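> just to be clear, the model below is a prediction. Sequence and coordinates:
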Amino acid sequence: MPGVWSILLAAGESSRMGQLKALLPWQGTTLIEHQINSLLAAGVQHVVVVLGHDFDRLKSIVDSVAGASWALNSDYLQGKTTSLKTGVSALDGQPVSDVLLLNVDQPRTSDTVQKLLERHQASQYVITIPTYGGKGGHPIFLSATLLSEMAAIEEETKGLLAVVRRHAEATERFEMNDPSVLWDLNTPEQYEKALAAEE
């Protein structure tokens with residue numbers, strides 16, 4: 001039976017953080033493990049983790065979680081678009097109804113993800129984007145009917161943004177009373193701020 005599959009992007013160099021973001025401590029585990037388990041607990045059927053930089057340090061972690069697998073993006077230095085396309089390619093032939101997109105440096109609780117998942121599945125919209133204070137965040141949900149368009153995105157044409165703009169009238173921007181939907185841990189300062197907010 002088709003279900004929601006997630007593409008979790010974890011291929012980047014973490015250059016601004018100064019260390020591999022996927023392995024940062026988060027709630028008693030690592031960021032990558034927290035993300036995978038949170039998505040699965042929220043009702044996601046399977047998580048495809050796109051690896052690139054330092055993938056040897058991460059693939060065994062992914063392999064240890066039932067319901068998760070990894071795909072290697074050898075071209076990750078060419079931009080995030082290549083990682084997204086790697087993830088989309090990994091979904092080919094799988095029983096997918098909808099796709100959840102999230103970056104490994106965007107920690108979300110299973111409750112937040114579940115609310116969005118249920119909202120997306122109950123609506124007629126093909127794209128659901130959470131917002132806080134009117135500002136768009138993550139995770140983003142997209143109908144599997146858009147997979148062919150996602151497979152054709154290019155860095156030069158703004159990647160996924162071009163798909164979202166093309167389907168603006170079929171997109172729900174769902175306001176949530178949850179500032180964490182905007183969290184993006186790119187720097188040590190952002191990481192420390194998010195850690196403090198979690199305490």
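Alright, I've got the coordinates. Residues are numbered from 1 along each chain as shown.

> which residue lies nearest the spatial centre of the chain?
In the chain, the C-alpha nearest the mean C-alpha coordinate belongs to L102, at 1.1 Å (C-alpha atoms, centre = their mean).

> residue contacts, that one?
By C-beta atoms under 8 Å, 6 or more residues apart in numbering, the contact list for L102 reads S6, I7, L8, L9, Q35, L39, R108, H138, P139, I140. Backbone N, C-alpha and C define where each C-beta goes, glycine included.

> ok, the nearest residue to A11 once chain neighbours are set aside to M1 distance?
Using C-beta to C-beta, 6 or more residues apart in numbering and skipping residues adjacent in sequence, the residue nearest A11 is G52, 2.9 Å away. G52 is 32 Å from M1, where distance means C-beta to C-beta, to the nearest Å.

> which residues are in contact with the strand or helix carrying L161?
Under the criterion of DSSP states H and E, L161 resides in helix 160-166. For helix 160-166, contacts defined as C-beta under 8 Å, 6+ apart pick out 81, 84, 101, 127, 129, 140, 142, 146, 149-150, 153, 158, 171.

> ok, and the most crowded of the residues you listed?
Tallying neighbours with other C-beta atoms under 10 Å puts L142 at the head of the contacts of helix 160-166, with 25 neighbours.

> coming back round to it: dump the contacts of helix 160-166 into JSON lines; add secondary structure and distance to L117 as well.
Listed next are the contacts of helix 160-166 as JSON lines, based on DSSP: H, G, I helix; E, B strand; the rest coil; distance: C-beta to C-beta, whole Å:
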{"residue": "T81", "secondary structure": "helix", "distance to L117": "25"}
{"residue": "L84", "secondary structure": "helix", "distance to L117": "19"}
{"residue": "L101", "secondary structure": "strand", "distance to L117": "13"}
{"residue": "I127", "secondary structure": "strand", "distance to L117": "13"}
{"residue": "I129", "secondary structure": "strand", "distance to L117": "13"}
{"residue": "I140", "secondary structure": "strand", "distance to L117": "12"}
{"residue": "L142", "secondary structure": "strand", "distance to L117": "12"}
{"residue": "L146", "secondary structure": "helix", "distance to L117": "17"}
{"residue": "E149", "secondary structure": "helix", "distance to L117": "21"}
{"residue": "M150", "secondary structure": "helix", "distance to L117": "18"}
{"residue": "I153", "secondary structure": "coil", "distance to L117": "23"}
{"residue": "K158", "secondary structure": "coil", "distance to L117": "26"}
{"residue": "T171", "secondary structure": "strand", "distance to L117": "16"}
